[in-house]
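Asker: What follows is a protein structure lacking sequence information:
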């Protein structure tokens, strides 16, 4: 992690009363999986806490910097204290950066929590943080950081789906590349329930990209492929179609019939 001018001083590991520790204001993770916390508690009860949490001293006691899942698991075991490293930070920006970076280095954040963590670092008044430095600190490429930030511009309803992990990060990035929130919402509806490959094919069609395994004539390449996807399901066929909401519905269904007939003839 890159050094800042406000590097924290670190104490030895101490046993801190859990009732004196309050949550961090700079926690990257917004949603906590209660089942995973229960599993962690079982592990801690059996093997003890293998990695101490990190806290800082505040007027009211302590504020957690990293390790909130571990703290919640220990609390669920009704243990009075927890092993903690107490750090001293010069200012609020340094405390925020320390907590955000430690949480962002973990692999189990959902895509939106991760993206918001990147944005929170960029929003710090400390001019130290930019996308390149964030990239170095969390071990991700600058492109990864930029793509993650694009997820925060998606419609709120899609952001909620990502928080529930209904969509993968890669599909979210593809949705974010579509022009405008109305198109993004309709595209998300069109790919709901499809597997990853099927969803990508639909999104390619919406962006006017041809499938790499299909050779098209020059005249066909001049027009975006029809945004329809057909999948055999038992004795029937599942159809995923993107309707733009403009133009003639008769033309839309006529095109759907034409493309479907071509698909059945393959």
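Answerer: In hand now; what should we look at? As the structure is a computational prediction, the values presented were derived from the model and not from experiment.

Asker: need the strands for the stretch 1-150 of the chain, in chain order.
Answerer: In the stretch 1-150 of the chain, the strands defined using DSSP state E, counting those that start in this stretch lie at 9-17, 21-22, 53-58, 61-66, 81-88.

Asker: wait, which of those strands is closest to residue 172?
Answerer: Proximity to residue 172 (CB to CB) singles out strand 61-66 among the strands of the stretch 1-150 of the chain, at 25.9 Å. To be clear about C-beta, it is placed using only N, CA and C from the backbone, and glycine gets the same treatment.

Asker: Compare the strands of the stretch 1-150 of the chain and give me the one nearest residue 197.
Answerer: Closest to residue 197 of the strands of the stretch 1-150 of the chain is strand 61-66 (CB to CB; 37.2 Å).

Asker: can you pull the buried residues of that closest one?
Answerer: Residues of strand 61-66 classed as buried under the neighbour-count rule (16 or more other CB atoms under 10 Å) are 62-66.

Asker: Including distance to residue 255 and mean pLDDT, could the strands of the stretch 1-150 of the chain go into a markdown table?
Answerer: Listed next are these as a markdown table, based on distance: least, CB to CB, whole Å; pLDDT from 0 to 100:
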| stretch | distance to residue 255 | mean pLDDT |
| --- | --- | --- |
| strand 9-17 | 65 | 77 |
| strand 21-22 | 59 | 90 |
| strand 53-58 | 58 | 85 |
| strand 61-66 | 54 | 85 |
| strand 81-88 | 62 | 88 |
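
Asker: can I see the domain layout of the protein?
Answerer: Domain assignment for the chain, taken from automatic domain parsing, gives 9-109, 153-264.

Asker: Just name the most buried of those domains.
Answerer: The highest mean neighbour count among the domains of the chain, using mean count of other CB atoms under 10 Å, belongs to domain 9-109: a mean of 16.

Asker: one step back: least reliable of the domains of the chain going by mean pLDDT?
Answerer: The weakest mean pLDDT among the domains of the chain belongs to domain 153-264, with a mean of 72.

Asker: circling back to that earlier point, how about the strands of the stretch 1-150 of the chain, which one is nearest residue 103?
Answerer: Judged by CB to CB, the one of these that comes nearest to residue 103 is strand 61-66, at 6.2 Å.

Asker: Could you tell me which strands sit next to that closest one in the sheet, and their orientation?
Answerer: strand 21-22 (parallel), strand 53-58 (antiparallel) (DSSP bridges).

Asker: So what touches the first one?
Answerer: It stands for strand 21-22. For strand 21-22, contacts defined as CB atoms under 8 Å, 6 or more residues apart in numbering pick out 53, 55, 58, 60-64, 71, 82, 84.

Asker: what do you get if the cut-off is 10 Å, keeping everything else the same?
Answerer: 53, 55, 58, 60-64, 67-68, 71, 74-75, 81-82, 84 (CB atoms under 10 Å, 6 or more residues apart in numbering).
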